[in-house]
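*Asks:* coords please:
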Amino acid sequence: MSEPQRDALQGLLSDREIAALAQTDPPLIAPFVSRQEGKPSYGLGSFGYDIRLGSRFLVPDGGSGVILDPKGTPAEAFHAIACEGAFELPPEAFVLGESIERFTMPADVLGLCFGKSSYARCGLIVNLCPLEPDWRGRLTIALINTSPLPIRLHVGQGIAQVVFFRGERPTRAYSEKESGGAYQDQTGVTLPQ
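*Replies:* You can find the predicted model right below:
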C-alpha cells in the first residue's frame, strides 16, 4: 500500500467510518443508534458516538474502613443498586456506573472518552479509560460530583462521548498485554482487579 493510501486509513474516524464498523461482525458498538436522540443526547455524532448511562450502579459504603485500591478492591466496599429514570448523585460523592453499549474494538482502533458538556456545566466529572485495541465489553464509568448540590443522572440518556482513532496495529493489543487484560469481556460495572 502506498504512503498516501495508508495515511488515508489512519486518524480520527468520521460518522461514516463509525457506522460502517458498527455493521461488522462483531459490531464496534451494540446496540447502535445511527443518529442523535434523547436529552442529554446519545447516538452517532459527526466524529464520535455518545454512549448512554445504564441502570446499574456501585455505590461506595462510607465509613466501612476499607481502602479503595487499584490492585483490588473488596466487593464489600460497595453496594449495588439498580434504578430506572434517574439516579441522584449526592454533593461531593462518586459512584461507578455502566454503559448500555457493548464495544468490540478492532485491533487497529483506539477509543477515547469525554464527558458531555451539559453534565460538565453541573459539576460532574465523567471518567472513563481508553478503549484499547482489541478490548471487548461494557464500559465502567466513574461519575464524580464536584458540586455542593446533588446532580441528577438520567439513566438511558447520554453520559459521555467516545471518539475513535485508527492507526497501524500495535505490537500488543489489549488481549495480548503482559498484565493479562483483566477487564476483557466485562459485562457491566466492574471493581478494580
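
*Asks:* okay, the one residue sitting closest to the centre of the chain: pLDDT?
*Replies:* By Cα atoms, centre = their mean, the chain has its centre lying nearest to residue 139, at 4.1 Å. pLDDT, residue 139: 96.

*Asks:* again, but for residue 2
*Replies:* Looking at residue 2, its pLDDT is 47.

*Asks:* Kindly report the same for residue 122.
*Replies:* Residue 122 is given a pLDDT of 97.

*Asks:* Contact partners for the nearest residue to it once chain neighbours are set aside?
*Replies:* In space, and not counting its chain neighbours, residue 122 is closest to residue 151: 5.0 Å by Cβ to Cβ, 6 or more residues apart in numbering. Any C-beta I mention is one placed from the backbone N, CA and C, and that applies to glycine too. By Cβ atoms under 8 Å, 6 or more residues apart in numbering, the contact list for residue 151 reads 88-89, 119, 122-124, 145.

*Asks:* and which of the residues you listed is nearest residue 24?
*Replies:* Taking Cβ to Cβ as the measure, residue 24 sits nearest to residue 119 out of these, at 30.5 Å.

*Asks:* Any regions of this structure where pLDDT drops low?
*Replies:* Scanning the chain for pLDDT under 70 picks out the ranges 1-9, 63-64, 179-180.

*Asks:* Dump the contacts of residue 151 to a markdown table, plus neighbour count, distance to residue 43 and secondary structure.
*Replies:* Below are these laid out as a markdown table (neighbours: other Cβ atoms under 10 Å; distance: Cβ to Cβ, whole Å; DSSP: H, G, I helix; E, B strand; the rest coil):
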| residue | neighbour count | distance to residue 43 | secondary structure |
| --- | --- | --- | --- |
| 88 | 11 | 25 | strand |
| 89 | 23 | 24 | strand |
| 119 | 22 | 17 | helix |
| 122 | 16 | 21 | coil |
| 123 | 16 | 25 | coil |
| 124 | 20 | 20 | strand |
| 145 | 22 | 25 | strand |
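
*Asks:* Same list (these) but as CSV, adding distance to residue 159.
*Replies:* Formatted as CSV, these follow (distance: Cβ to Cβ, whole Å):
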residue, distance to residue 159
88, 15
89, 12
119, 7
122, 12
123, 15
124, 9
145, 13
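
*Asks:* hey, which helix is longest across the chain?
*Replies:* helix 15-22 (DSSP state H).

*Asks:* List the buried residues for it?
*Replies:* The neighbour-count check on helix 15-22 (16 or more other Cβ atoms under 10 Å) flags 17-19, 21-22 as buried.

*Asks:* got it, and stretch 102-111?
*Replies:* For stretch 102-111, burial by neighbour count (16+ other Cβ under 10 Å) applies to 102-106, 108-111.

*Asks:* Quickly name whichever of those residues is closest to residue 169.
*Replies:* Closest to residue 169, out of all of the buried residues of stretch 102-111 and judged by Cβ to Cβ, is residue 108, at 4.5 Å.

*Asks:* Distance check, the spatially closest residue to residue 133 that is not a sequence neighbour against residue 39.
*Replies:* In space, and not counting its chain neighbours, residue 133 is closest to residue 173: 4.4 Å by Cβ to Cβ, 6+ apart. From residue 173 over to residue 39 the distance is 36 Å, taken as Cβ to Cβ, to the nearest Å.
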